[in-house]
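Trainee: what's the 3D shape of this:
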Amino acid sequence: MHRDQFATCPHCQSGLDPHGDRHTCGPCQGVWLSEPALLAVIVSVVKHDPPVRLAFEPATAELPQTCPRCATTMTAHRLYGVIVERCSEHGVWFDHGELTAALARAANDDLTKAPLGERIGRRWDRFMRYLVLKILHRPWEK
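Mentor: Modelled structure (predicted):
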């Protein structure tokens, strides 16, 4: 899809710029993804039990927004605890920071499904990095 196939950002009405499989808004930093592209991104961060379809739950939006492609009113949905706007025909709109939050929650949900040894290993690695940084930083020597 090219920029001229899209109207404007549903949040700030600026033009959307294509970046591979996503379209972004420079001024408000929102992101537009088709559902297949969004599913592919989520599957890339979820290693243990990747979803086969997106698990949208109904939600209530503060202000209804229009699809940047067909200009119909999008419906609010909750995806990994983040409220997003969705056009059932064309894709999902994420306001600034929402895509990152949804992916972080998807990865965190995935961590809870990981085998116990792997979960302990990841936490141990984080703990050791923390200790090394504290020792190397040595705030008590200043």
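Trainee: Report the helix or strand with the lowest average pLDDT across the chain.
Mentor: helix 116-137 (a mean of 64; mean pLDDT, DSSP states H and E).
Trainee: Need phi/psi at the one residue sitting closest to the centre of the chain.
Mentor: By CA atoms, centre = their mean, the chain has its centre lying nearest to Leu99, at 2.1 Å. Dihedral pair for Leu99: phi -60, psi -40, per degrees, to the nearest 10.
Trainee: OK, contacts around it?
Mentor: Counting by CB atoms under 8 Å, 6 or more residues apart in numbering, Leu99 touches Val31, Leu33. Placement of C-beta: from N, CA and C, glycine included.
Trainee: How much space separates it from Pro10?
Mentor: Look at Leu99 and Pro10: by CB to CB, to the nearest Å, they are 14 Å apart.
Trainee: likewise His96?
Mentor: His96 is 13 Å from Pro10, where distance means CB to CB.
Trainee: More neighbours: which of the two?
Mentor: Just comparing His96 and Pro10: by other CB atoms under 10 Å the higher neighbour count belongs to Pro10, 24 against 13.
Trainee: residues near the residue lying closest to that one once chain neighbours are set aside, how many?
Mentor: Sequence neighbours aside, Gln65 is the residue nearest to Pro10 in space, at 3.7 Å (criterion: CB to CB, 6 or more residues apart in numbering). The local packing of Gln65 (other CB under 10 Å) involves 19 other residues.
Trainee: one step back: pull up the overlap in contacts between His96 and Pro10.
Mentor: Gly30.
Trainee: hang on, the earlier thing: wait, the residue nearest to Pro10 sits on Thr73?
Mentor: Yes. Between Gln65 and Thr73 there is a contact under CB atoms under 8 Å: 7.4 Å.
Trainee: State the pLDDT value of Thr24.
Mentor: Looking at Thr24, its pLDDT is 89.
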